[in-house]
Structures are given as structure tokens and as C-alpha cells.
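> What would the 3D arrangement of this be:
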Amino acid sequence: MKIGILGTGNIGATLATKLSAAGHEVKVANSRGPETIDVGILKNGARAVTAAEAVTGVDVVIMSTPLGALPKIGPLVAVLPEDVIVIDTSNYYPARDTEIGAIEAGMPITPIGRGRVIAGTDVEAALQNVGIAPDFTYAKPAPDSDVQFVHRSMADGDVYFVNNRINRPERIEARFRVAGKVPELWRADTGETSPLDYRIENGTTVVSLDMSAEDSFFVVFRKTASPEAMSVTRVTTH
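Numbering: from 1, shown residues only. Now for the predicted structure:
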């Protein structure tokens, strides 16, 4: 992946070294010019460039600058192609940055350029506030129910690894932020695959899952869903 990083502070420098070490093609820039970038940041293959060069011809732009610098780099980001992903890791420090009155006044959402700063520590609530549903949720059968997940988007679909962390069977109704595809249950230990009950609602797919104690498996979305709801003979997953 081609990645441009704006900023060489603690966050930008760490991202540049780790992403380039992972094999990505990384360009990095700061406000002082490419000749001022520490060679240690470039040790894994990242290239020092100007800010304009850093955002040209890349798949992802990561902004790791002081919050007060965002208006200066806003024009660079404003003209990016629509398919370029922009990630902002900037933090607001009043002692370092120019004070932003709206943030100091405690406004829950503050527009900054084309983005927004959302006050608080609840990431899921912040995403819901901008209309993004949780990636995975489920109705807890008991207060101590604990089902965890990992999601990976593939070229031909989406894969969720789902794990029951409790030493007892659980029956849950899970919601996946995928729509238009049929869920299938895949077991890595046996190679078994099986269909699942599902219905599609408001951009999510609701799936009934029977999980044995400390059970884990993959829920895979590949095939086009038609119809938008289906019931199958329930299969106990172990």
C-alpha cells in the first residue's frame, strides 16, 4: 500500500518506521522540509518528501500534526481523490496549539476543515453520532456474556472471527455491519461450512448463532443475498 504521512512527531515517526518495515511504500513530510527529517525515521525505507509530494499518488494519507496545523494542510487534503483514505491522528494540546474556542467551550462536536473533532472517550458512541453503525454487536444472554470478534475485509467479501470467551454455551443474535451478502459459518478445525439464519436490516445483517462453551469460528460473507432473509434448519455448532 502507498501511504503518505504528514508529521514527524512521536506518532508520525512511529507510524513511518513501522509501516515501512511492514513492506508498505511510505512517504513522510514535515513543515520544515525533507532535509530536516531524522534518518532514523527513514531506516526501513520510508522516503522524506515535501508535504505536497507526500499526498500525491497514495492510497492513504495519515495526518500526525498538531491540531493547529490542520488549516495549513487543509488545502492539500481538500483536493485528494475521493478514493484516498484520510486518517487523522492529531491531538489537541492547548499549551502547544493555538486555543480553539469551540473545544475550550466544551462543544461535543467541533468542525475542523472537512472533518470533526468529537469530544469524549467512547469510540462507538462517536461513530454512531456520525451515522456509522458498530461493526459487530450482539444481545447479551447474561450480564457476564463475553463474545469477541475480529473483522477482516477481503477482496471478495468479509470475514469475522467470533469467539465465546465464557465457559458455557451461548445462543446470541449478532449484528454484523455487512449488507447484501449471505452469512456462512466456517470451522477452521474441521473444514466444515454451514448456512446460517439471517435477515438484513438497516445496513446490517442479523444472524442467530449457537455457540458452545469457549467456542470459536468464522462467519463469512461472500455470496449475494437473495432474498434478504432466510431461515435454515438450526445447526448446533458443536
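> what residues does stretch 30-40 touch?
Identification of contacts with stretch 30-40 by C-beta atoms under 8 Å, 6 or more residues apart in numbering yields 6-8, 12-13, 17, 28-29, 48-51, 65, 69, 72. From N, CA and C alone the C-beta is placed, and that goes for glycine too.
> Show me what the lengthiest helix in the chain packs onto, helices and strands only.
If you go by DSSP state H, the chain has its longest helix at helix 10-21. Here helix 10-21 is seen to pack against strand 2-6, strand 25-29 when contacts are counted using 3 or more C-beta pairs under 8 Å, 6 or more residues apart in numbering; DSSP states H and E.
> who wins for proximity to residue 90 among those?
Counting by C-beta to C-beta, residue 90 lies closest to strand 2-6 out of the helices and strands packed on helix 10-21; the figure is 9.5 Å.
> For the closest one, which helices and strands make contact with it?
Counting by 3+ C-beta pairs under 8 Å, 6+ apart, strand 2-6 packs on helix 10-21, strand 25-29, helix 51-54, strand 60-63.
> can you list the domains in the chain?
When the chain is parsed with automatic domain parsing, its domains come out as 2-98, 136-230.
> Pick the most buried one from the ones you listed.
With neighbours taken as mean count of other C-beta atoms under 10 Å, those reach their highest mean count in domain 2-98, at a mean of 17.
> May I have the distance across it, first residue to last?
32 Å (C-alpha to C-alpha, to the nearest Å).
> for this structure, what spans make up the helices?
Using DSSP H, helices in the chain cover 10-21, 51-54, 70-78, 101-104, 123-129.
> what angle separates the third one from strand 2-6?
To tie it back to what came earlier, the one meant is helix 70-78. Taking axes from the mean of the first three to the mean of the last three C-alpha atoms, to 10 degrees, one finds helix 70-78 and strand 2-6 inclined to each other by 160 degrees.
> List of residues touching helix 70-78?
Contacts to helix 70-78, defined as C-beta under 8 Å, 6+ apart, come from residues 6, 31, 51-52, 55, 61, 63, 65, 86, 88, 90, 112-115.
> of these, closest to residue 79?
Nearest member of the contacts of helix 70-78 to residue 79, counting by C-beta to C-beta, is residue 55, at 8.7 Å.
> Tabulate the helices and strands packed on helix 10-21 in JSON lines, adding columns for distance to residue 104 and mean pLDDT.
Converted to JSON lines, those look like this (distance: least, C-beta to C-beta, whole Å; pLDDT from 0 to 100):
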{"stretch": "strand 2-6", "distance to residue 104": "25", "mean pLDDT": "96"}
{"stretch": "strand 25-29", "distance to residue 104": "29", "mean pLDDT": "96"}
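> who wins for proximity to residue 210 among those?
strand 2-6 (41.5 Å).
> I'd like the distance from the closest one to the chain centre, please.
With C-alpha atoms, centre = their mean, to the nearest Å as the basis, strand 2-6 stands 17 Å off its chain's centre.
> That one: partners in the sheet, and parallel or antiparallel?
Neighbouring strands of strand 2-6 in its sheet, by DSSP bridges, are strand 25-29 (parallel), strand 60-63 (parallel).
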